[in-house]
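In: Fold the following.
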Amino acid sequence: MLKEFKDFIMTGNVIDFAIAVILAGAVGLVVNGFVQDIIMPVVGHLAGGMDFSELRHVLSPAQGAEGTEGYVAENAIRWGKWLNTIFSLITVGFVLFMLGKAKIKAMGAAPAPGPTPDQSLLTEIRDSLNK
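Out: Down below sits the predicted model:
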């Protein structure tokens, strides 16, 4: 069983997948930083200096002072952070789309596969019957 696991884990597909997951995490961090630190401040500036990450709908305000006995934290729907996450998702999707297009362009169009031997034989039979 250990040998089977070793054979499985050492196949190219598993290693390629692991590398892709690690790279996707790194790209996600880069894109998230790009959205949070570059895109959203520009969008906020154009929207009149608004910080989207702080937008929220307070359901119940905080009670007491933080760090004291009886303190109850604010309960709020943080829709601004969710909006930032949507911007990040759209940006990541666009980056992946562009990478996919670049890969397809770099590899060129794949040639159409020729007919299989079965298809060739069937074509010959069809042509013979037509004669």
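In: For this structure, which segments are assigned as helices?
Out: 2-9, 12-34, 40-46, 79-107, 117-130 (DSSP state H).
In: what about the last one, average pLDDT?
Out: Along helix 117-130, the predicted local confidence has a mean pLDDT of 91.
In: now the fourth one
Out: For helix 79-107, the mean pLDDT works out to 83.
In: Okay, buried residues for it please.
Out: Under the neighbour-count criterion of 16 or more other C-beta atoms under 10 Å, helix 79-107 has Gly80, Asn84, Phe87, Ser88, Val92 buried. Glycine gets a C-beta too; all of them are placed from N, C-alpha and C.
In: any idea of the angle it forms with helix 12-34?
Out: Inter-element angle recorded for helix 79-107 and helix 12-34: 130 degrees (by axes from the mean of the first three to the mean of the last three C-alpha atoms, to 10 degrees).
In: tell me which strands and helices helix 79-107 is in contact with?
Out: When contacts are defined as 3 or more C-beta pairs under 8 Å, 6 or more residues apart in numbering; DSSP states H and E, helix 79-107 packs onto helix 12-34, helix 40-46.
In: Pick the most deeply packed of these.
Out: Comparing the helices and strands packed on helix 79-107 by mean neighbour count (mean count of other C-beta atoms under 10 Å), helix 40-46 ranks first with a mean of 13.
In: List of residues touching it?
Out: Contact partners of helix 40-46, identified using C-beta atoms under 8 Å, 6 or more residues apart in numbering, comprise Met50, Asp51, Phe52, Ser53, Asn84, Phe87.
In: of those residues, closest to Leu23?
Out: Nearest to Leu23, judged by C-beta to C-beta, of the contacts of helix 40-46 is Phe87 at 21.5 Å.
In: re earlier: can you redo the helices of the chain as JSON lines with distance to Gly70?
Out: Below are the helices of the chain laid out as JSON lines (distance: least, C-beta to C-beta, whole Å):
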{"stretch": "helix 2-9", "distance to Gly70": "53"}
{"stretch": "helix 12-34", "distance to Gly70": "37"}
{"stretch": "helix 40-46", "distance to Gly70": "35"}
{"stretch": "helix 79-107", "distance to Gly70": "27"}
{"stretch": "helix 117-130", "distance to Gly70": "79"}
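In: No further questions, thank you.
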